[in-house]
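> pasting a predicted model and its sequence here:
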Amino acid sequence: MDRTVLSGIVIAALAAMTAACGTRDPSVFQNDTNTAAAGNWRIERTPDRITGVPLPSAQLATTQSSNSAVQNSKPAMIQLTCFEGRPIVRFSFEFRIGSDLNSVLGYRFDDRPGHDNVPSRVLLGYKVIVIEDGAAVAQFTQELASSKSLVVRIRSLNAGRTVADFQTDGGKAAIDAVLANCPAAAGPVRDNRAKS
């Protein structure tokens, strides 16, 4: 076989493999066909490939998050979702926000009274904090439903102070879409973090 022909076959095979590697499964990333806008929120309804049931999720992004140890503002995101049959509120950042046992989450909607020392948990990687307590999620979503803005603050002994500002228009539609079959339970707010 001619070297030029063989070389062409190898290049075509490599191009085909590269194109195949670039294809991403639609169930692991947001796409426009399964995503709707609600104010500033993006609501995703991509069906799970295992169960066939849509896994509703709503995300709200901002470019206005800062940390006392980071020089410039970075993007941050809120996600409302149902995880293992329970509603959660997930905040993700592009910098470390602290560790579980030495970080405190607080937030304030519009000009309402703020909430400090909210029951929460910092996930491994130290860039994500979640509210999982049913009563704390219920309190958060009740205020979110009619709000226009949200400020989130995390104080940490090992990562300084983090603040993020979100424009929350469309929160009620996001809550209705995501938590319709996964309601937040009422009851006393409690801190589930491990105590040492």
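Yep, it's here.
> toward the C-terminus, what is the element adjacent to the least confident helix or strand in the chain by mean pLDDT?
Least confident helix or strand, the chain: helix 3-21 with a mean of 53, by mean pLDDT, DSSP states H and E. Later in the chain than helix 3-21, the nearest helix or strand by DSSP states H and E is strand 35-38.
> element containing the residue nearest the centre of the chain?
With distances taken as Cα atoms, centre = their mean, Q79 lies nearest the centre of the chain, 3.3 Å away. Assigning secondary structure by DSSP H and E places Q79 in strand 74-83.
> which stretches of the protein form strands?
Along the chain, the stretches classed as strands by DSSP state E are 35-38, 41-44, 57-67, 74-83, 86-93, 103-109, 115-118, 121-122, 128-131, 149-156, 160-167.
> can you put those in TSV and add mean pLDDT?
Compiled in TSV, these are given as follows (pLDDT from 0 to 100):
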stretch	mean pLDDT
strand 35-38	90
strand 41-44	94
strand 57-67	96
strand 74-83	96
strand 86-93	96
strand 103-109	98
strand 115-118	97
strand 121-122	96
strand 128-131	98
strand 149-156	98
strand 160-167	97
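> E143: which of the ones you listed is closest?
When those are compared by Cβ to Cβ, strand 103-109 sits nearest E143, at 4.5 Å. Quick note: C-beta positions are derived from backbone N, CA and C, even for glycine.
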